[in-house]
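> Here's my sequence, what's the structure:
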Amino acid sequence: LQDSASPVMEQLIFFHDHALMIMLMILTAVFYTMISIIQNKQTSRFILEGQMIETIWTIAPAIILVFIAIPSLRLLYLMDEIHNPVMTLKTVGHQWYWSYEYSDFTKLEFDSYMVQQEDQLINTFRLLDTDNRVVLPMNSPIRMIVTAADVLHSWTVPSLGVKTDATPGRLNQVSFTINRPGLLYGQCSEICGA
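Next up is the predicted model:
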């Protein structure tokens, strides 16, 4: 995972760690049970039912799912919440580039293409650097309106915990707040046109 640059991404990382610990406890319990059964010398071929064990293996997974679902649902609602945005940025996906429009100010539009491999500098990231970068304020709620001009795209900035589909003829919106300065890399997370 990339370093967090937004409160939502911090919560996503916390949820990831929470779910990982639950899975680790389940794995430990299953491994312990398997070892205990393998090393057990006593067997019984005449056990037909076990009301208590059936109740346990029905209720225990339900409780575990509740411990995973409650933080997940809280996070989903947190990600979908739109605060009063300071600015709105319209993003249009095209095959092989993105168009951006700052609509709150004088009409400022530009296209952002990936830097070609032969034009890249030594300390840049292949397939991530662009010729025109989007500049956004820190510690301010930002609303992003995302659409596509041709095929399905998916506007993603992993360090912000943001991923939204860009569909032709449809406007999707996502909001985020950047809580640390820096250069953040995003990409299209869709096989565009395939």
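> Am I right that Glu190 is in contact with Leu152?
Yes - under the criterion of Cβ atoms under 8 Å, Glu190 makes contact with Leu152 at 5.4 Å. The way it works is simple: take the backbone N, C-alpha and C, and place the C-beta from them, glycine included.
> joint contacts of these two?
165-166 (Cβ atoms under 8 Å, 6 or more residues apart in numbering).
> so who does the nearest residue to Lys163 once chain neighbours are set aside touch?
The spatially closest residue to Lys163, leaving aside those adjacent along the chain, is Thr156, at 4.4 Å (Cβ to Cβ, 6 or more residues apart in numbering). Listed by Cβ under 8 Å, 6+ apart, the contact partners of Thr156 are 162-164, 186-189.
> ok, the spatially most central residue of the chain to Leu78 distance?
Closest to where the C-alpha atoms of the chain average out (Cα atoms, centre = their mean) is Gly161, at 4.8 Å. From Gly161 across to Leu78, the span is 10 Å (Cβ to Cβ, to the nearest Å).
> Pull the contacting residues for Ala149.
92-94, 99, 168.
> Among those residues, find me the one that's closest to Lys41.
Comparing those against Lys41 with Cβ to Cβ places Gly93 closest, at 64.0 Å.
> Excluding residues flanking it in the chain, which one is nearest that closest one?
His153 (3.1 Å).
> Pretty sure that neighbour sits against Asp165.
Yes - in terms of Cβ under 8 Å, His153 counts as a neighbour of Asp165; the distance is 7.5 Å.
> and the two? which has more neighbours close in?
His153 (27 against 18; other Cβ atoms under 10 Å).
> residue ranges with poor pLDDT in the chain?
1, 119-120, 125-127, 192-194 (pLDDT under 70).
> Domain ranges for it, per the record?
7-80, 87-188 (automatic domain parsing).
> List the residues that contact Phe185.
In this structure residue 185 is Tyr, not Phe. 125, 128-129, 157-159.
> Just to be sure, it is in a strand?
No - counting by DSSP: H, G, I helix; E, B strand; the rest coil, Tyr185 falls outside a strand, being coil.
> Looking at the contacts of Thr156, which is nearest His83?
Distances from His83 to the contacts of Thr156, taken by Cβ to Cβ, are shortest for Val162, at 14.1 Å.
> Phi, psi for that closest one please.
phi -120, psi 130 (degrees, to the nearest 10).
> Against Met25, how distant is it?
Taking Cβ to Cβ, one finds Val162 at 31 Å from Met25.
> So these two - more neighbours on which side?
Per other Cβ under 10 Å, whichever of Val162 and Met25 has more neighbours is Val162, with 22 against 11.
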